[in-house]
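Engineer: Provided below are the primary sequence and the corresponding predicted coordinates.
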Amino acid sequence: MGRLLAVVVAVFALTSADALAAGTLRVDISGPGSVTGSGISCSRALGGATVGTCSDTYANIRVCEPGPLKPICLLEPQDVAFTASTAASGFVFDGWTGACAGQRETCSLTMDDDYSAGASFRDNQDPAVALGGVGAGAIVRGAAVGLTATAGDNAAVKRVEFSLGGVTISDASAPYSASFDTTGLKDGAAVAQATAVDTSDRTKSAAVSVTIDNTGPALGVGGTPDGAVLAPGSVPSWTLAASDKTTGIAQVRCSVVAAGGAPAFGACSAGTTGHSVTGKPGGAYVFTARAVDGAGNVTDVSRGFTIDATPPTTTLTGGIADGGTTTETSLAWQFSASEAASFACRVYPAALTPGDFAPCSADGSHTANGFAPGTYTFEVRATDGVGNVEAAPVKRTFTVVPPPGPPSVGVSNVLAASSAAKPQIVVTLAFGFANSTKKQTKLTSLVVKNVPAGSTVSAACPKSCAKKTFKKTGASGNVSLAALIKKPLKVGTTITVTVSKPGYTSVVKTLKVQPRKSPTLTTRSI
């Protein structure tokens with residue numbers, strides 16, 4: 001029999017509740033949201049438990065159609081529908097699981113069996129984060145660079161991850177912070193960043209560009225060398241070259257203090273490129289240059305120097321005693337100084353005005369020849385390496401007497417001996433030299449000093465001199481021999497100077513050029 005076009009639905013009471021039972025629906029919720037409809041009113045707050053009517057049983061319904069004699073009735077399952085929704089800020093419906101999988105917010109089911117359905121709500125909002133501790137363009141250095149952050153989320157912040165120069169540090173509880181040791185990080189541009197991570201693992205970052213600089217600037221110092229010993233009135237000076245490849249030079253300062261004192265920095269006399277100092281009294285000093293870069297890193301370079309204002313002191317260690325008497329016509333003295341020094345000597349008749357000092361015949365000693373009977377004075381003075389000259393030369397006065405003669409045989413012999421004794425001419429041959437090499441020496445001056453009036457000064461230089469001979473009669477005082485030394489003299493060259501005067505014992509001075517040192521000078525009487 002065909003079905004009628006009109007369907008009459010009638011529900012009849014059953015003899016047993018179970019007779020019409022068809023299926024039970026159970027609803028579960030993940031995240032903040034609710035499911036409502038068809039006997040279901042189930043909800044869950046953020047961070048809370050599921051509450052309300054989250055399950056229901058749906059009985060079959062009787063459906064009848066008119067028949068020829070009586071209605072034809074069947075039991076059919078119910079069709080149900082329910083909708084998922086959320087009012088939680090930042091959350092959205094993410095989908096169904098179970099029997100409703102694949103459906104949209106509203107799920108429709110035919111309850112012909114037991115079913116379970118899960119509604120999932122996901123966090124759709126990033127956390128918020130703000131970075132503190134450093135600003136954009138900051139320069140950072142050291143072992144404790146601190147970063148801070150404030151962070152919030154519609155659900156909750158799980159942690160904040162800080163990063164700097166490739167290193168990451170996490171903090172899981174507010175207030176959020178991290179401390180970085182930058183001393184092991186690479187100098188240069190870097191990014192400081194804070195990343196907030198919420199409970200759904202959504203992230204949000206805040207970052208600024210910074211510069212890491214833990215390296216002191218380069219500082220080159222030239223000029224007066226370390227340990228220099230300078231003469232009084234010297235002006236020690238230094239050149240400075242400061243640079244820094246990361247943050248540049250912010251400051252260059254200079255200090256000059258007495259050795260052992262703390263530096264006292266001030267402006268350098270030539271700005272960032274140099275410094276000099278004047279008027280320092282004798283003593284030991286320390287110069288310090290300081291360069292500071294843009295990060296505050298400091299580089300110091302120091303140089304010590306001494307202003308030597310103390311002349312050396314000479315001590316005679318050998319030779320005829322002061323006030324001594326001798327019959328020797330050739331005498332030598334030995335001496336030393338309180339510091340490294342050069343010596344100048346002079347020997348002259350005690351009754352005469354002394355001539356100028358001249359180089360001694362050797363280092364640490366002096367030899368003079370051709371003494372006639374009389375009283376003489378020997379003087380020596382030292383000059384140290386910076387030109388301090390001994391204020392009071394060391395001197396010895398001595399007397400040369402004739403040697404004992406043969407036994408007296410009469411008055412005539414005494415008169416003869418007396419007439420034979422002639423006064424000795426005593427002069428100084430003074431010279432200066434420069435550029436003494438292996439092959440030649442340049443004499444800068446050559447003067448015979450203290451020549452007695454009416455004397456004859458003659459000189460001979462067979463080889464190498466500009467002139468081979470020189471002669472001046474009626475001479476007195478100082479006689480220059482500059483004509484002989486207008487060109488450099490070869491090693492081995494000898495210049496013989498003779499000073500004579502009627503009634504006097506003549507003196508002969510011989511100067512010989514030596515390689516790489518002062519010429520030697522010998523004296524004899526004729």
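Structural biologist: Perfect, thanks for sending it.

Engineer: skipping its backbone neighbours, what lies nearest residue 294 in space?
Structural biologist: Ranked by CB to CB, 6 or more residues apart in numbering and with sequence neighbours excluded, the top spatial neighbour of residue 294 is residue 247, at 3.1 Å. Yep, even glycine has a C-beta here, placed from its N, CA and C like the rest.

Engineer: dihedrals phi and psi, the nearest residue to residue 387 once chain neighbours are set aside?
Structural biologist: Among residues not flanking residue 387 along the chain, residue 231 sits closest, at 5.0 Å (CB to CB, 6+ apart). With angles defined as degrees, to the nearest 10, residue 231 sits at phi -80, psi 160.

Engineer: give me the number of residues near residue 231?
Structural biologist: 14 (other CB atoms under 10 Å).

Engineer: OK, contacts around it?
Structural biologist: Going by CB atoms under 8 Å, 6 or more residues apart in numbering, residue 231 touches 307, 308, 386, 387, 388.

Engineer: pLDDT wise, what is the residue nearest to residue 294 at?
Structural biologist: Residue 247 is assigned 96 on the pLDDT scale.

Engineer: what residues are up against it?
Structural biologist: So residue 247 contacts 139, 211, 213, 293, 294, 295 (CB under 8 Å, 6+ apart).

Engineer: and the furthest pair within the contacts of residue 231?
Structural biologist: 307 and 387 (12.2 Å; CB to CB).

Engineer: of those two, which one has the most company?
Structural biologist: Legend: neighbour count by other CB under 10 Å for residue 307 and residue 387, higher for residue 307 (22 against 13).

Engineer: that one against residue 277, yeah?
Structural biologist: No - with contacts counted by CB atoms under 8 Å, residue 307 stays clear of residue 277, the gap being 10.0 Å.

Engineer: rewinding a little: and the contacts of residue 247, which is closest to residue 522?
Structural biologist: Once CB to CB is applied, the member of the contacts of residue 247 that ends up nearest residue 522 is residue 293, at 66.4 Å.

Engineer: and the closest one, how close does it get to residue 251?
Structural biologist: The gap separating residue 293 from residue 251 is 9 Å, by CB to CB, to the nearest Å.

Engineer: what sits against residue 72?
Structural biologist: Listed by CB under 8 Å, 6+ apart, the contact set of residue 72 reads 64, 65, 66.

Engineer: next: residue 44.
Structural biologist: 29, 30, 31, 32, 33, 34, 50, 51.

Engineer: identify the bridge partners of it.
Structural biologist: residue 33, residue 50 (DSSP bridges).

Engineer: next: residue 129.
Structural biologist: On the basis of DSSP bridges, residue 129 is bridged to residue 151.

Engineer: any low-confidence regions in the stretch 301-450 of the chain?
Structural biologist: Low-confidence segments of the stretch 301-450 of the chain (pLDDT under 70): 405-421.

Engineer: what segments of it are strands?
Structural biologist: 314-318, 325-326, 331-337, 341-349, 358-359, 365-368, 374-384, 394-400, 428-434, 440-460 (DSSP state E, counting those that start in this stretch).

Engineer: okay, those strands in CSV with distance to residue 195 and mean neighbour count next?
Structural biologist: Output for the strands of the stretch 301-450 of the chain, formatted as CSV (distance: least, CB to CB, whole Å; neighbours: other CB atoms under 10 Å):
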stretch, distance to residue 195, mean neighbour count
strand 314-318, 82, 14
strand 325-326, 103, 13
strand 331-337, 77, 19
strand 341-349, 76, 20
strand 358-359, 84, 19
strand 365-368, 87, 20
strand 374-384, 72, 20
strand 394-400, 86, 17
strand 428-434, 78, 18
strand 440-460, 81, 19
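
Engineer: of all those strands, which one comes closest to residue 201?
Structural biologist: strand 374-384 (82.4 Å).

Engineer: could I get the CA-only coordinates of that closest one as CSV?
Structural biologist: Extracted in CSV, the C-alpha atoms of strand 374-384 (Å, rounded to 0.1, in the frame of the first residue of the first chain):
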residue,chain,number,x,y,z
GLY,A,374,157.7,75.1,39.0
THR,A,375,154.3,75.0,40.7
TYR,A,376,151.3,73.8,38.7
THR,A,377,147.6,73.1,39.0
PHE,A,378,145.7,70.1,37.5
GLU,A,379,141.9,70.4,37.3
VAL,A,380,139.3,68.0,36.0
ARG,A,381,135.5,68.4,35.8
ALA,A,382,132.7,66.1,34.7
THR,A,383,129.7,66.7,32.4
ASP,A,384,126.9,64.2,32.6
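
Engineer: tell me where the protein has helices.
Structural biologist: 411-420 (DSSP state H).

Engineer: worst-scoring helix or strand of it, pLDDT-wise?
Structural biologist: helix 411-420 (a mean of 41; mean pLDDT, DSSP states H and E).

Engineer: dump the contacts of residue 247 into JSON lines; add distance to residue 473 and pLDDT as well.
Structural biologist: Below are these laid out as JSON lines (distance: CB to CB, whole Å; pLDDT from 0 to 100):
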{"residue": "139", "distance to residue 473": "87", "pLDDT": "97"}
{"residue": "211", "distance to residue 473": "88", "pLDDT": "97"}
{"residue": "213", "distance to residue 473": "84", "pLDDT": "98"}
{"residue": "293", "distance to residue 473": "78", "pLDDT": "97"}
{"residue": "294", "distance to residue 473": "82", "pLDDT": "96"}
{"residue": "295", "distance to residue 473": "84", "pLDDT": "96"}
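
Engineer: pLDDT wise, what is the residue nearest to residue 387 at?
Structural biologist: Residue-level pLDDT assigned to residue 231 equals 94.

Engineer: any idea how far residue 236 is from residue 326?
Structural biologist: With CB to CB as the criterion, residue 326 and residue 236 are 50 Å apart.

Engineer: equivalent analysis for residue 57, please.
Structural biologist: In terms of CB to CB, residue 57 sits 106 Å off from residue 236.

Engineer: repeat for residue 347
Structural biologist: From residue 347 across to residue 236, the span is 40 Å (CB to CB).

Engineer: kindly report the same for residue 226.
Structural biologist: 11 Å.

Engineer: swap in residue 91?
Structural biologist: Counting by CB to CB, the gap from residue 91 to residue 236 is 78 Å.

Engineer: from the contacts of residue 247, which is closest to residue 425?
Structural biologist: Using CB to CB, the contacts of residue 247 come closest to residue 425 at residue 293, 74.6 Å.

Engineer: tally of neighbours for that closest one?
Structural biologist: The local packing of residue 293 (other CB under 10 Å) involves 25 other residues.

Engineer: show me where the stretch 151-300 of the chain has strands.
Structural biologist: Secondary structure of the stretch 151-300 of the chain (DSSP E, counting those that start in this stretch): strands located at 157-164, 167-171, 176-180, 188-198, 203-212, 218-223, 228-230, 237-243, 249-258, 266-267, 274-276, 283-293, 298-307.
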